[in-house]
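**Q** Got a sequence here, can you model it:
(chains A and B)
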Amino acid sequence: MTPRLVDIPVLETERLRLRAPVASDFEPYRTYRMSPARTAGVGGPRSYLQCWDYFGELFGHWILRGYGRWIVADKETDAPFGLVGLFYPPDWPEPEIAWTVFAHGEGKGIAHEAAIATRAHAYDTLGWTRLVNLIMPGNTRSIALARRLGAVHESDYAHPDSGTLQIWRHLSPGECA
Amino acid sequence: MTPVLAHTPVLETERLILRAPAARDWPEWDAMMQSARARFVRPGDYAEALSWRGFGHAIGHWVLRGFGNFVVTRKGDDTAIGAAGPWFPAGWPEREIGWSIWSAAAEGKGYAAEAARAARAYAYDTLGWDTAVSYVAPENARSIALAERLGAVRDANAATPGDAPAIVFRHPHPEAGK
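**A** Okay, here's the model as predicted:
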């Protein structure tokens, strides 16, 4: 009897499978989150212990909100490329599409492909009508991706710990169609 | 399709049901974290985001370790009154049996002892642990009394987790009570 999350939707795109996180995804996750180079745009590296806490919270988010972030895996091999999905902790102004790509997933358009699938899930399956991204001002890669998805820098949000975050407003369901 | 944490055990004692945490336990958890009762388990001032993440972590612990803190309920009433269970997050020096009672109304009835005994028996008999400790804040008189009532003894040589001062109580060996 191995405890795990069940009834997490699985999304498939051309190259990717977005699936529930499992314990074995921790190692690639913490490798990413402990890397100073990879985390410069999201507040810097975290300790091993913080990574464990954060990774645990991924599961709680699914249970507490009913939605959350998927592991973006290679459709053929199931190797994890990153973490993309819907993220709405209590200190966020509204739900966002959050994306994170591990080093070996970079530069392949993976975040873009997974973000489009996430946005479609939010609008078409969950019936949401609005979505944002919260992005640290210097995170040029995420800003570029937000732009590519059609999002616009709408306003700023003063996060109690992380400081100023830019709110990028995504296309509405009608504008995506 | 509602995501749930599945394939988790349920323990039953004379008066209690111990089950995995679920979304419906959030109000009781958060009320406890806002109260003075949380002073021994909360690193700083209350913030909803921290309380929420702590609850998320308690759920994730089940997935990452295969075991975790049970929510304690009274038979016939599914409302959470506390938590107890085997606990071993990253960075903990060794595996712990933890317990907490979340409201004054549920205190003084022996529920924590009943739940902690069930959690310890589960850790020993089902998970196969050969030892277990409980970390107790030095000023947490009620938990110190409970640890002693459970037969645990102070282990001055054992490491403590994190920076906060803690007394390490070591529980009797699995075979001791048999």
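
**Q** longest helix anywhere in the chain?
**A** No chain specified, so I'll use chain A. helix A:48-65 (DSSP state H).

**Q** try chain B instead
**A** Chain B, longest helix under DSSP H: helix B:48-65.

**Q** how far out from the middle of the chain is the longest helix of chain A?
**A** Relative to the chain's own centre, helix A:48-65 is displaced by 13 Å; criterion: C-alpha atoms, centre = their mean, to the nearest Å.

**Q** buried residues in it?
**A** Neighbour-count burial for helix A:48-65, counted by 16 or more other C-beta atoms under 10 Å in any protein chain shown, picks out A:51-65. In short, each C-beta sits where N, CA and C put it, glycine included.

**Q** How about stretch B:134-154?
**A** B:134, B:135, B:136, B:140, B:143, B:144, B:146, B:147, B:150, B:152.

**Q** Could I have the CA atoms of it written out in PDB?
**A** Taking C-alpha atoms only, stretch B:134-154 is exported to PDB below (Å, rounded to 0.1, in the frame of the first residue of the first chain):
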ATOM      1  CA  SER B 134       9.700  12.200  20.200                       C
ATOM      2  CA  TYR B 135      11.100  15.800  20.100                       C
ATOM      3  CA  VAL B 136       9.500  18.000  22.700                       C
ATOM      4  CA  ALA B 137      10.000  21.700  23.400                       C
ATOM      5  CA  PRO B 138      11.500  22.100  26.900                       C
ATOM      6  CA  GLU B 139       8.600  24.300  28.000                       C
ATOM      7  CA  ASN B 140       5.900  22.000  26.700                       C
ATOM      8  CA  ALA B 141       5.000  20.500  30.000                       C
ATOM      9  CA  ARG B 142       1.900  18.600  28.800                       C
ATOM     10  CA  SER B 143       3.900  16.800  26.000                       C
ATOM     11  CA  ILE B 144       6.700  16.000  28.400                       C
ATOM     12  CA  ALA B 145       4.200  14.400  30.800                       C
ATOM     13  CA  LEU B 146       2.700  12.400  27.900                       C
ATOM     14  CA  ALA B 147       6.100  11.200  26.700                       C
ATOM     15  CA  GLU B 148       6.900   9.900  30.200                       C
ATOM     16  CA  ARG B 149       3.500   8.300  30.400                       C
ATOM     17  CA  LEU B 150       4.200   6.500  27.200                       C
ATOM     18  CA  GLY B 151       7.300   5.100  28.800                       C
ATOM     19  CA  ALA B 152       9.800   7.200  26.800                       C
ATOM     20  CA  VAL B 153      12.900   8.300  28.500                       C
ATOM     21  CA  ARG B 154      15.200  11.300  28.000                       C
END
